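Q: whatever this is, show me its structure:
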Amino acid sequence: MAGDRPNNNPSSLNGRQKAAILLISLGSELSSQVLKMMSDEEIEVLSAEIARTGTVNTELKNAVLEEFYETMLARGYIAQGGMDFAREVLTKALGEHRTERILNRVEGLGEGTSFELLRKVDPETIANFLKNEHVQTIALVLANLDPSLMGPVIAKLPPELQPVVAYRIATMDKPSPEVLHAIEEVLEKHISSDFEQVATKMGGTKKVAEAMNEIDTDMWQDILEGMEEIDPEVAAEVKSQMFVFNDIVLLDNRSVQELLKEIETKELAVALKAATNEVKDKILSNMSKRAAEGLKEEIEYLGPMRLIEVEAAQQRIADTVRRLEEEGRIIIAGRGGATSVIVE
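A: Next up is the predicted model:
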């Protein structure tokens, strides 16, 4: 049959083919629910691909489903604590070779668009050619950049644009083909490359929070104040994500010691169950030998725990850090800032 797949290796398939096989594997009921969340254009493309797919054997279905699961799992860990955290957790569960294969695949998902070329351009140049574009176009372009580049670009935009652009990115979902075409026109003015239309969620409050962490404190505070005037709820959500549990490694020793005064040993033990070694070392090195041994024993005593319970404890500790900052007891500099954390 012409539509049969030649082998059982998902790596030989493109994204549309994998998506078609995934929908076939999910069955009609689940697939229909997925399609409801897509645009008409996406449905047409996938429907045509499904029609071309023909018979898919069980082995290939399972391989595509496994790849999809691994990718979503990796993306979840990356969103939670960054690439290093994802690598550490996945290596413990799946081994080094399989982990690297998964992460290489995840990292490669964003390649092949004009935005890749922007990574080689300095933030000021990007800001200069974007500043006269419509604010939504600016937001859509920046939403495709890594937060480490997005933050500095926002910082180079005119002050009156900064909070508006940050807000648009924070509330952004899937762009329409028309809007994607507008972005293509903007990029074609400055870089020579084909733009591959990718209809995925490009923005979000977490991405804005990560970008704000790349610029100095005074500037991100001004941007958030401007966002609060536009939408207080979105601004609050961005602020709540600007410090996460794994960012404890960014604090200096005196700051960590100040934080430890506010946290019960059991709460800390639960939070450290799924923490990186770097975070554990940061905490333990700021405790007395006796207290550190007690904490290690508490962690061992807890035994296996649900991830949701561990993440809840980590969130409460991150909330404590933000409270201490608001009280003026600690000051958290932006990751891109040149100053160190100051503890009064």
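
Q: use CA for all of it now, contacts and neighbours both
A: Will do.

Q: all strands of the protein, in order?
A: 330-331, 342-343 (DSSP state E).

Q: could you pull out the helices in the stretch 51-200 of the chain for me?
A: 58-94, 96-107, 115-118, 123-130, 135-143, 147-156, 162-170, 177-188 (DSSP state H, counting those that start in this stretch).

Q: buried deepest among those, which one?
A: helix 162-170 (a mean of 25; mean count of other CA atoms under 10 Å).

Q: that one vs helix 135-143, what angle?
A: Here helix 162-170 runs at 70 degrees with respect to helix 135-143, directions being taken by axes from the mean of the first three to the mean of the last three CA atoms, to 10 degrees.

Q: what helices or strands is helix 162-170 leaning on?
A: Applying 3 or more CA pairs under 8 Å, 6 or more residues apart in numbering; DSSP states H and E, one finds that helix 162-170 makes contact with helix 135-143, helix 147-156, helix 205-212, helix 217-230, helix 232-240.

Q: go again with 6 Å.
A: helix 217-230 (3 or more CA pairs under 6 Å, 6 or more residues apart in numbering; DSSP states H and E).

Q: pick out the shakiest of the strands of the chain, pLDDT-wise.
A: Note on the strands of the chain: lowest mean pLDDT is at strand 342-343, with a mean of 38.

Q: could you list the domains of this protein?
A: According to automatic domain parsing, the chain comprises the domains 10-110, 115-240, 245-343.

Q: which other residues reach stretch 218-228?
A: Applying CA atoms under 6 Å, 6 or more residues apart in numbering, the contact partners of stretch 218-228 are 163, 167, 212, 235.

Q: least confident of the residues you listed?
A: Among those, Met212 has the lowest pLDDT, at 78.

Q: might you report the residue contacts of that residue?
A: 151, 220.

Q: how about a cut-off of 10 Å?
A: By CA atoms under 10 Å, 6 or more residues apart in numbering, Met212 lies in contact with 147-148, 150-152, 154-155, 166, 206, 219-221, 223-224, 238-239, 242, 334-336.

Q: quick one: average pLDDT of stretch 15-27?
A: pLDDT averaged over stretch 15-27 gives 83.

Q: scratch that, stretch 245-263
A: Rounded mean pLDDT across stretch 245-263 is 88.

Q: and for stretch 126-144?
A: 84.

Q: just how off-centre is that stretch within its chain?
A: 20 Å (CA atoms, centre = their mean, to the nearest Å).

Q: same check on stretch 257-272?
A: 26 Å.

Q: and the end-to-end length of that stretch?
A: 16 Å (CA to CA, to the nearest Å).

Q: one more: stretch 212-220?
A: End to end - CA to CA - stretch 212-220 spans 6 Å.

Q: equivalent analysis for stretch 90-103, please.
A: For stretch 90-103, the end-to-end distance is 9 Å (CA to CA).

Q: and what of stretch 144-163?
A: Note: stretch 144-163 ends 18 Å apart using CA to CA.

Q: how about the helices of the stretch 51-200 of the chain in JSON lines, adding distance to Asp231?
A: Below are the helices of the stretch 51-200 of the chain laid out as JSON lines (distance: least, CA to CA, whole Å):
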{"stretch": "helix 58-94", "distance to Asp231": "24"}
{"stretch": "helix 96-107", "distance to Asp231": "32"}
{"stretch": "helix 115-118", "distance to Asp231": "28"}
{"stretch": "helix 123-130", "distance to Asp231": "24"}
{"stretch": "helix 135-143", "distance to Asp231": "16"}
{"stretch": "helix 147-156", "distance to Asp231": "18"}
{"stretch": "helix 162-170", "distance to Asp231": "8"}
{"stretch": "helix 177-188", "distance to Asp231": "23"}
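
Q: of all the ones you listed, which one comes closest to Glu258?
A: helix 58-94 (22.8 Å; CA to CA).

Q: what angle sits between the closest one and helix 205-212?
A: Using the same axes, to 10 degrees: helix 58-94 against helix 205-212 is 40 degrees.

Q: just checking, what packs against helix 58-94?
A: helix 15-35, helix 96-107, helix 205-212, helix 277-284 (3 or more CA pairs under 10 Å, 6 or more residues apart in numbering; DSSP states H and E).

Q: ok, Gln241 - contacts?
A: Contacts of Gln241 (CA under 10 Å, 6+ apart): 205-210, 213, 315, 318-319, 322.

Q: of these, closest to Pro304?
A: Gln315 (19.0 Å).
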